[in-house]
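In: I need the structure of the sequence given here:
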Amino acid sequence: MAHEKVRDLPTKSAGLQTSGVIRTDELYTLSEIKLRLGVSNATLRTARRAGLRVYYKHKHAFIYGRDWIDYIVKSLERTSA
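Out: Sure thing, here's the model as predicted:
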């Protein structure tokens, strides 16, 4: 985990549009996930309750891109079964 990237993105007020792109090899803050994907606090809360792994370090919460993608794939499998 020591080699994972943590990057800050500009806020929406700085003109960043949601890109929807999450890389499996990167670590994201909850704010960055919300910004990139255009999801709400409620969506993240629901995802966390449904098993999305969140990592905490120094009172900050992070999500691995691969964990988000795994969560989405598993959710799709449950709804299509």
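
In: how far away is Phe62 from Tyr28?
Out: From Phe62 across to Tyr28, the span is 6 Å (C-beta to C-beta, to the nearest Å). All C-beta atoms are positioned from the backbone trio N, CA, C, and that covers glycine.

In: So which of those two has more stuff around it?
Out: Tyr28 (25 against 20; other C-beta atoms under 10 Å).

In: helix or strand for that one, which one?
Out: strand 27-29 (DSSP states H and E).

In: Likewise for Ile63?
Out: Applying DSSP H and E, one finds Ile63 within strand 60-64.

In: mean confidence score for the strand holding Tyr28?
Out: Looking at strand 27-29 alone, the average pLDDT works out to 95.

In: Report the buried residues of the helix or strand just after that strand.
Out: Helices and strands here follow DSSP H and E; after strand 27-29, the next one along the chain is helix 30-37. Using 16 or more other C-beta atoms under 10 Å as the test for burial, helix 30-37 gives Leu30, Glu32, Ile33, Lys34, Leu35, Arg36, Leu37.
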